[in-house]
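Engineer: Following is a predicted model, sequence given first.
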Amino acid sequence: MIWYITLWTNNLEKASEFYDKLLWEMWANRFLETDRFISWSFWPWLTRISIIKPFDNNPATVWNGNMVALHVKSKEEVDRLHKLVLELWWTNEWDSGPRWDNGFYTGYFRDLDGNKLSFFNI
């Protein structure tokens with residue numbers, strides 16, 4: 001289980017607009033916010049996604065392997081949410097579809113700072 005995920009951003013306002021729209025569709029709500037940090041929580045209030053301005057005031061960058069995988073309830077939900085992120089002006093990393101023989105189904109995308117995320121169902 002994912003407890004929390006923190007993603008750096010260079011544009012808190014623009015990133016929060018995206019995550020507000022996307023995470024609302026996934027039944028998450030804002031639960032904590034400061035001038036540098038916003039966090040959303042999924043019911044039952046265990047898993048959290050947060051965006052934050054870097055504390056050292058250097059630009060946010062992406063490290064090799066930085067990715068967040070978000071489990072959703074169906075392959076159709078993977079397709080629907082992947083389509084939504086592309087409509088919200090984010091970058092397609094890999095179209096949604098099956099990846100392995102075991103039923104793993106996913107779609108990858110990058111947010112405005114280049115953080116890699118995916119929706120998946122298995």
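Structural biologist: All right, it came through fine. Numbering: from 1, shown residues only.
Engineer: Quick check: buried residues in stretch 43-62?
Structural biologist: Buried residues in stretch 43-62, counted by 16 or more other CB atoms under 10 Å: 47-53, 60. Quick note: C-beta positions are derived from backbone N, CA and C, even for glycine.
Engineer: and of these, the nearest to residue 6?
Structural biologist: Taking CB to CB as the measure, residue 6 lies nearest residue 50 of those, at 4.7 Å.
Engineer: And the closest residue in space to the closest one that isn't next to it in sequence, how far from residue 4?
Structural biologist: Leaving out its chain neighbours, the residue that sits closest to residue 50 by CB to CB, 6 or more residues apart in numbering is residue 39, at 3.9 Å. Distance of residue 39 to residue 4, computed by CB to CB, to the nearest Å: 8 Å.
Engineer: Okay, now the unreliable bits of this protein?
Structural biologist: 1-3, 44-46, 62-66 (pLDDT under 70).
Engineer: wait, residue 37 sits on residue 50?
Structural biologist: Yes: using CB atoms under 8 Å, residue 37 is in contact with residue 50, at 6.3 Å.
Engineer: So in terms of bridging, what pairs with the residue nearest to residue 50?
Structural biologist: Judged by DSSP bridges, the bridge partners of residue 39 are residue 32, residue 50.
Engineer: what's near enough to touch it?
Structural biologist: Counting by CB atoms under 8 Å, 6 or more residues apart in numbering, residue 39 touches 4, 30-33, 48-50.
Engineer: wait, which of those is closest to residue 17?
Structural biologist: If you rank those by distance to residue 17 using CB to CB, residue 30 comes first, at 12.1 Å.
Engineer: For the closest one, what are phi and psi?
Structural biologist: With angles defined as degrees, to the nearest 10, residue 30 sits at phi -60, psi 140.
Engineer: what about it, distance to residue 112?
Structural biologist: The gap separating residue 30 from residue 112 is 18 Å, by CB to CB.
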